[in-house]
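Chemist: Structural data only, the sequence is not supplied:
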């Protein structure tokens, strides 16, 4: 699907902003349920995207990747929601649920966008190339964010989940790697290893979405 530049940006903006905003808000919401109100008090448990947008990670990087890849791949991030894990009622155990909340919301949104694609491609009120493109972007960005964040690298959500599940002594040792996590992710991205590692996982999640929704997504999306 080829659209003029401004149309492409407009169609991609809603699913990208929703994917990143709801991911972060989910962390704050679940943290509050388990005893930490830090994000709530700072006004970060909100659907207002302005509270979560990072000019580089939410705007510049996704826009650049969108234009360079033709919509075949998207990547971005928001301002991390502050969570004081020490305030959780059971810090090590509850960390798992707080960390998993973001990827879980991304998975739920990917399911919704897949259903939208099914409606848009099947005729009816939503039938249009624009709706199809927007929904495919919605599936793609949410699946990519989910898979990326579940990688067992700190400070990604998968790293937090690993800390929660590991025995205490191993968890303490693993937690010390967090200061190197950003550089590890950048190195994996720059060398192409990240894409190779994520692709089969993205494909697997996409197949699961097709199974759950009964919608056939384009193989090339």
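Modeler: Here it is on my side, so go on. This one's a predicted model, so the numbers in the text were calculated from it and none came from an experiment.
Chemist: Sketch out the low-pLDDT regions of this structure for me.
Modeler: Segments of the chain classed as low confidence (criterion: pLDDT under 70) are 1-5, 58, 62, 65-77, 124-126, 220-221.
Chemist: hey, which helix is longest across it?
Modeler: With residue count as the measure and DSSP state H as the assignment, the chain has helix 91-121 as its longest helix.
Chemist: buried sites along the helix or strand containing residue 171?
Modeler: Secondary-structure assignment from DSSP states H and E places residue 171 in helix 168-175. Along helix 168-175, the positions that meet the burial threshold by neighbour count (16 or more other C-beta atoms under 10 Å) are residue 175. C-beta coordinates here come from the backbone N, C-alpha and C atoms, glycine included.
Chemist: Stretch 150-160 too?
Modeler: Along stretch 150-160, these residues count as buried under the neighbour rule (16+ other C-beta under 10 Å): 150, 151, 153, 154, 155, 156, 157, 158, 159, 160.
Chemist: Pick the one among these closest to residue 172.
Modeler: Proximity of the buried residues of stretch 150-160 to residue 172 was ranked by C-beta to C-beta; the top entry is residue 154 with 12.3 Å.
Chemist: List the contacts of stretch 181-197.
Modeler: Residues outside stretch 181-197 that contact it (C-beta atoms under 8 Å, 6 or more residues apart in numbering): 73, 148, 151, 153, 154, 155, 156, 159, 177.
Chemist: roughly how far is it from the heart of the chain?
Modeler: Chain-centre distance of stretch 181-197: 17 Å, with C-alpha atoms, centre = their mean, to the nearest Å.
Chemist: Residue nearest the middle of the chain, spatially speaking?
Modeler: Computing the C-alpha centroid of the chain and ranking residues by C-alpha atoms, centre = their mean puts residue 145 first, at 2.7 Å.
Chemist: for the strand or helix carrying that one, packing partners?
Modeler: Residue 145 belongs to helix 129-149 when elements are defined using DSSP H and E. If you count contacts as 3 or more C-beta pairs under 8 Å, 6 or more residues apart in numbering; DSSP states H and E, helix 129-149 packs onto helix 5-33, helix 91-121, helix 193-213.
Chemist: With respect to residue 172, which of those lies nearest?
Modeler: Closest of these to residue 172 is helix 91-121, at 10.4 Å (criterion: C-beta to C-beta).
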